[in-house]
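In: Provide a 3D model corresponding to the input given below.
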Amino acid sequence: MKQIIEKDIELINSYQDNWNKFSRDVLGVKLDTEQEEILFGVQNNKRVSVKSGHARGKDYVAAVASLCFLYLNVPSKVINTAPTGRQVNLIMMTEISKIFRNAKIPLGGELLSNMIKFNTMPDIKTDDWFLVGFKAGDKDVEAWSGFHSPNIMVVVTEATGIDEENYNALEGILQANSRLLIVYNPHRLSGEAYESSKSPRYKHFTMNCLNAPNVLNWQRLLNKEITEQEYKKLHISGQVDWEWINDKVQAAGWCSKIPEEEVSKEFYDFQWMGIWYRPGNLFRVKVLGEFPEEDEETLIPIEWINAANERWKQFRGKFPKGMKLIGTDVAGMGRDKTAHVPRIKDVVFEIKTYSQQDHMVTAGQIVNMLADLDNLSFIDTIGEGAGVYSRVKEMKPNQVFSVKASHSAKFLRDLTGQRTFANMRAYLFWALRDWLDPAYKSKAALPPIQELTQELNEIRWEVRSNGDIIIEPKEELKKRLGRSPDYADALANTFFPYKRKKITNPITKAKLGIY
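Out: This is a model prediction of the structure:
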């Protein structure tokens, strides 16, 4: 461990008024224009809020800001926190470690897995000078009070996932020369992160992927303003690129074409390759770095889906065991996909899809998944699924159920026991909604599949004059998506209100392998 000496501190002091110069000369990092503006904002403002699109470099600039504050304010305490340990260790501390190791000038201090600490110096105790990373849930709210310092900085990544209680606790330590930097993807329309985007207490920044250097430089390459060799030299590894955005514009159905006369700033309309587009919610959040447009007709808010994605990541492949409820949406030979969604209790551990698959192959896959006699299959039998259901029924008569979206849901109710439904489709999707609803202390865990997220967030609902809930026609949803909602339909099937027949005949039991 290199010990910082007085001469080092004199050098550090010379950069206190220019963090961007320190980041270039000492840390050896190269920030793009928007990142430099954010770093300047952190240098000069007590509270900074950064909402960002996917892979735009928000966590990287947050790591740079953490090290700038740590070394340009001696002694200081820098706290990096996030909703989960994975986000702290694999994102923030990983970025900080890389910058620390690759600095142009040895920074001093000892780099550990979750902190940087220093030896005792004259008039400076070790306990007064450090950088540490931990997930917010690892500390009791009262424990924040132990971090008092004349120079203190708190960096919160994935800030939408931190509860209000922790933010309130932070207020008690943000005194004297303090900084609060919160960075996040804007998928939640409530909480401190959302409020910070409007509050005059914060300096606000938005990192739009359309303005990312890799995207702009690729456009320059297409326009023959730079050569391919120059583009490769300018390319920033790990940041969002033109190809990724082009896929979301052209193929993924994240936005829709509009005539130029309909263009409106209110809807964040944008131009891409000479054509005007209106973004859907996924594009707004993951590309533009803007909050989703939610209204009373949206069945499932995007923030609920993202919360379920985060819970899924915590399993790290170690999923629960037990009875699988397997929802299947069967596609024809066109563009749609056959989707299998196995759910065990609150966890959907995987989703498998197949294009242009023979129906008997699909039936065989389901039969194999029903090898465990506790597992159950739910197949959409309107249209393509009817033949698959019939074949599986022959093989596994006590384990397969026919799901018809148009059937009556007359005697079914939601979790409150109050809401009624126009048909089975409405009931299934509302049951899925209740499963994800944080008001019911949801433990739902969903794999972060962008198609599924988009499909669930695009579903609209309304109440009929008789009080029944109705989900919009599937054809309307398909028009907006540009494809069939195969993932969402298969998942909804797992909420079918089944009732297994009790088998008492010993001969039938023997045939089914039940003993």
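
In: from now on I want contacts and neighbour counts done on CA atoms only, so please keep to that.
Out: Noted.

In: for the stretch 401-515 of the chain, which segments count as helices?
Out: 424-436, 450-458, 474-481, 486-493, 506-512 (DSSP state H, counting those that start in this stretch).

In: and the ones you listed, which is most packed in?
Out: helix 486-493 (a mean of 25; mean count of other Cα atoms under 10 Å).

In: quick one: list the elements packing against it.
Out: Helix 486-493 sits against strand 325-329, strand 337-344, strand 376-380, helix 424-436, helix 450-458, with contacts defined as 3 or more Cα pairs under 8 Å, 6 or more residues apart in numbering; DSSP states H and E.

In: Ser264 is nearest to which of these?
Out: Judged by Cα to Cα, the one of the helices and strands packed on helix 486-493 that comes nearest to Ser264 is helix 450-458, at 20.7 Å.

In: same for the closest one, what does it pack against?
Out: Helix 450-458 packs on helix 281-283, helix 302-313, helix 474-481, helix 486-493, going by 3+ Cα pairs under 8 Å, 6+ apart.

In: between those, which one is nearest to Ser377?
Out: Ranking the helices and strands packed on helix 450-458 by their distance to Ser377 (criterion: Cα to Cα) puts helix 486-493 first, at 9.0 Å.

In: that closest one versus strand 376-380: what angle between them?
Out: Angle, helix 486-493 to strand 376-380, by axes from the mean of the first three to the mean of the last three Cα atoms, to 10 degrees: 130 degrees.

In: what angle separates helix 486-493 from helix 424-436?
Out: 90 degrees.

In: circling back to that earlier point, among the helices and strands packed on helix 486-493, which is nearest Leu27?
Out: Within the helices and strands packed on helix 486-493, the stretch nearest Leu27 is helix 450-458; the backing value is 35.6 Å (Cα to Cα).

In: from Ile182, how far off is the spatially most central residue of the chain?
Out: Residue closest to the average C-alpha location in the chain (Cα atoms, centre = their mean): Asn306, at 4.7 Å. To Ile182, Asn306 is 18 Å away according to Cα to Cα, to the nearest Å.

In: cool, and Asn211?
Out: Noted for Asn211: a distance of 21 Å to Ile182, by Cα to Cα.

In: neighbour count for these two, which is higher?
Out: Ile182 (26 against 15; other Cα atoms under 10 Å).

In: secondary structure element for that one?
Out: strand 177-184 (DSSP states H and E).

In: contacts for that strand?
Out: For strand 177-184, the surrounding residues in contact (Cα atoms under 8 Å, 6 or more residues apart in numbering) are 42, 45-52, 58-59, 62, 150-160, 174, 193.

In: name the strands paired with it and say parallel or antiparallel.
Out: With DSSP bridges as the test, strand 177-184 is paired with strand 47-52 (parallel), strand 151-157 (parallel).

In: and that strand, what's buried?
Out: Judged by neighbour count (16 or more other Cα atoms under 10 Å), strand 177-184 contains these buried residues: 178-184.

In: show me how far the following helix or strand past it is from its chain's centre.
Out: Following strand 177-184 in sequence order, the next helix or strand is helix 191-196 (DSSP H and E). Averaging C-alpha positions (Cα atoms, centre = their mean, to the nearest Å) puts helix 191-196 17 Å from its chain's average.

In: buried residues in helix 191-196?
Out: 192-194, 196.

In: please apply the same query to stretch 207-220.
Out: Neighbour counts using 16+ other Cα under 10 Å place 207-210, 212-215, 217-219 of stretch 207-220 among the buried residues.

In: just those: which are in helices?
Out: Applying DSSP state H to the buried residues of stretch 207-220, the entries found in helices are 213-215, 217-219.

In: among the buried residues of stretch 207-220, show me the least confident.
Out: Minimum pLDDT across these is recorded for Gln219, with 91.

In: which strand or helix spans Leu373?
Out: Per DSSP H and E, there is no helix or strand for Leu373.

In: so it makes contact with Gln399?
Out: Yes - using Cα atoms under 8 Å, Leu373 is in contact with Gln399, at 7.4 Å.

In: who has more neighbours, those two?
Out: The neighbour comparison of Leu373 against Gln399 (other Cα under 10 Å) goes to Gln399, with 21 against 15.

In: so that one sits right up against Met369, yeah?
Out: No - with contact defined as Cα under 8 Å, Gln399 does not count as touching Met369 (10.5 Å).

In: any residues in contact with both of the two?
Out: Counting by Cα under 8 Å, 6+ apart, the residues touching both Gln399 and Met369 are Asn375.

In: adding distance to Lys77, write the ones in helices among the buried residues of stretch 207-220 out as CSV.
Out: As requested, those are exported to CSV (distance: Cα to Cα, whole Å):
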residue, distance to Lys77
Pro213, 33
Asn214, 34
Val215, 36
Asn217, 38
Trp218, 40
Gln219, 42
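
In: reformat the helices and strands packed on helix 450-458 as TSV; add distance to Thr420.
Out: Shown next, in TSV, are the helices and strands packed on helix 450-458 (distance: least, Cα to Cα, whole Å):
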stretch	distance to Thr420
helix 281-283	28
helix 302-313	23
helix 474-481	20
helix 486-493	17
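
In: quick one: which of these is nearest Thr81?
Out: Closest among the helices and strands packed on helix 450-458, once you apply Cα to Cα, is helix 302-313, at 15.6 Å.

In: tell me what the closest one is packed against?
Out: helix 424-436, helix 450-458.

In: ok, and for that helix, which residues are buried?
Out: In terms of neighbour count (16+ other Cα under 10 Å), helix 302-313 has its buried residues at 302-312.

In: helices or strands up against the strand or helix carrying Gln271?
Out: Using DSSP H and E, Gln271 falls within strand 270-272. Strand 270-272 sits against strand 275-279, with contacts defined as 3+ Cα pairs under 8 Å, 6+ apart.

In: mind running it again at 10 Å?
Out: helix 242-250, strand 255-257, strand 275-279 (3 or more Cα pairs under 10 Å, 6 or more residues apart in numbering; DSSP states H and E).
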